[in-house]
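[1] Got a predicted structure plus its sequence, pasted below:
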Amino acid sequence: MTTTNRISNLSNQFNASIAGFKKVFSVASMTLAVAMPIVLSSPVKALQVQMTPQSPRLGDTISVIVSLDNPANGGNVTVSSGQETYTAYEIAPNKYRAFIPTTPLEKPGGRTVKVSGGGETKNLTLSIGTRKFPVQRINLPPGKAGVKATELELRRAREFREVRTPEKFWKGTFKRPNQGRMSTQYGVRRYYNGVFANDYYHRGLDYAGASGSAVVAPAAGRVVLVGTVAQGFKVHGNVIGVDHGQGVASIFMHLRQISVKEGDFVQPGQKIGTVGSTGASTGPHLHWGLYVNGKSVDPMPWLHGTAEK
Ligand SMILES: [Zn+2]
C-alpha cells in the first residue's frame, strides 16, 4: 500500500466515524511517522535554477544561473525559451549561466523557460513586465527616406551580432563609454510621417559628447569589427565592435577617429576612438549599442552592475 493510499483510507475513516475521531487521528499520526523515511529516500534534486532580475521588464537581460548538485548525470546544460536556445557557459564548478535578452519588440507577459541538465528538466515561468518607451515623431520631406545601409555594412553588422566566444572577458560593472550627457535613452520608438515603425527601437544609448571627445571601452574585450565610411559604412559611420565574450558585445557608431584595429584586446576605460558625426547622424554624438546573444538590450542594468548577479 502506498503512503497516499494509507492517508486517503484513514481520511475516509475519519469522515465516516466522528465518534472514533481520537482513535483514528492517533493511528494516522503513527502511519505518517513510519512513512516519512520513504519520502526522504527519493533522489535528491539535481538541478537548481535562479533567474534574475526578480521582476524583469522589456529591455532587461535575464540571467539564468543553473547549479548542478549531481553532475555525474551529465553536465550538459541547456536553456531555451520559445524558438530560441541560449548557450549556458560554465562560470564556476557545476555552475552555468545563460543570458536571455529581451527587447521592446516583444510582448510583455509570461513565457516558459526550459532548463535541462544533470539528467533533469525543469519548465519555469518567466514573467516580463511592460515598460513605456518614449516616442519620437520624425517627419521626412517626400523623396527623402534617409541614408540606406550598404550590403557590406549589413553583412558586417550581422556577423558582429553572431559572434559567440566561450571565454568571459568582462568583469563586473560596465563603465560609461563617453563623459557626455545621455541624450537618447534605450528603446525609444518612432513614427515616420505619422506611421508607427514596427521594427524600430533605439538600439542603444546616445551620449552627446563633443566632437573629438574620448570613447572608451566600457568593459574588456576583443575588437571584432572596425569599419569606416570610406569602406561603405554609410549608416554606421566609422564603427567599432567589441566582443566581451559569452554572447555579450558592444558597438560604437558615428565615430570621428578609430584608434584600434580588429583583433586588438582592449581593457575597460581604454580609449578606442573619438566622438564624431559620421554616417547617418545629425550632429556629434556617440551611439553605444549593447548586444546579448544577438539582441540589443538596455545597457543601463550593465552600467549599474545589476545585469550580472
Ligand atoms: Zn543612437
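    Everything's here; your move.
[2] Which single residue of the stretch 51-200 of the chain approaches the ion most closely?
    residue 184 (5.5 Å; Cβ to the ion). For glycine as for every other residue, the C-beta is placed from the backbone atoms N, C-alpha and C.
[3] who's in contact with the nearest residue to that residue once chain neighbours are set aside?
    Distances taken as Cβ to Cβ, 6 or more residues apart in numbering place residue 206 nearest to residue 184, at 3.9 Å, with adjacent residues excluded. By Cβ atoms under 8 Å, 6 or more residues apart in numbering, residue 206 lies in contact with 182, 183, 184, 285, 286, 287, 288.
[4] Helix, strand, or coil at residue 206?
    Using DSSP: H, G, I helix; E, B strand; the rest coil, the secondary structure recorded for residue 206 is strand.
[5] same deal with residue 54?
    Residue 54 - assigned by three-state DSSP - is coil.
[6] What is the neighbour count of it?
    Neighbourhood size, residue 54 [other Cβ atoms under 10 Å]: 7.
[7] same check, this time on residue 118
    22.
[8] Check residue 192 too.
    15.
[9] Which residues does it form beta bridges with?
    Counting by DSSP bridges, residue 192 is bridged to residue 138, residue 195.
[10] now do residue 109
    residue 128.
[11] distance of residue 195 from residue 171?
    44 Å (Cβ to Cβ, to the nearest Å).
[12] and the two? which has more neighbours close in?
    Neighbour totals were compared for residue 195 and residue 171, and residue 171 leads with 11 against 8 (other Cβ under 10 Å).
[13] so who does the more buried one touch?
    Contacts of residue 171 (Cβ under 8 Å, 6+ apart): 219, 220, 268.
[14] One more pass at 10 Å, please.
    Residues in contact with residue 171 (Cβ atoms under 10 Å, 6 or more residues apart in numbering) are 219, 220, 244, 268, 308.
[15] Around the residue of the stretch 51-200 of the chain closest to the ion, how many other residues sit close by?
    Count around residue 184 with other Cβ under 10 Å applied: 16.
[16] 14 is where my numbering starts, stick with that
    Will do, 14 is the new start, and the previous item becomes residue 197.
[17] okay but it is in contact with residue 221, surely?
    Yes. The pair residue 197 / residue 221 is scored as a contact, 8.8 Å apart, by Cβ atoms under 10 Å.
[18] Note down every partner strand of the top strand by length along the chain and its orientation.
    Ranked by residue count and defined by DSSP state E, the top strand of the chain is strand 261-271. Applying DSSP bridges, strand 261-271 is found paired with strand 251-258 (antiparallel), strand 284-288 (antiparallel), strand 299-305 (antiparallel).
[19] circling back to that earlier point, show me whatever sits in contact with both of residue 197 and residue 221.
    Contacts common to residue 197 and residue 221, judged by Cβ under 10 Å, 6+ apart, are residue 298.
[20] Before I go, just wanted to say thanks for your time.
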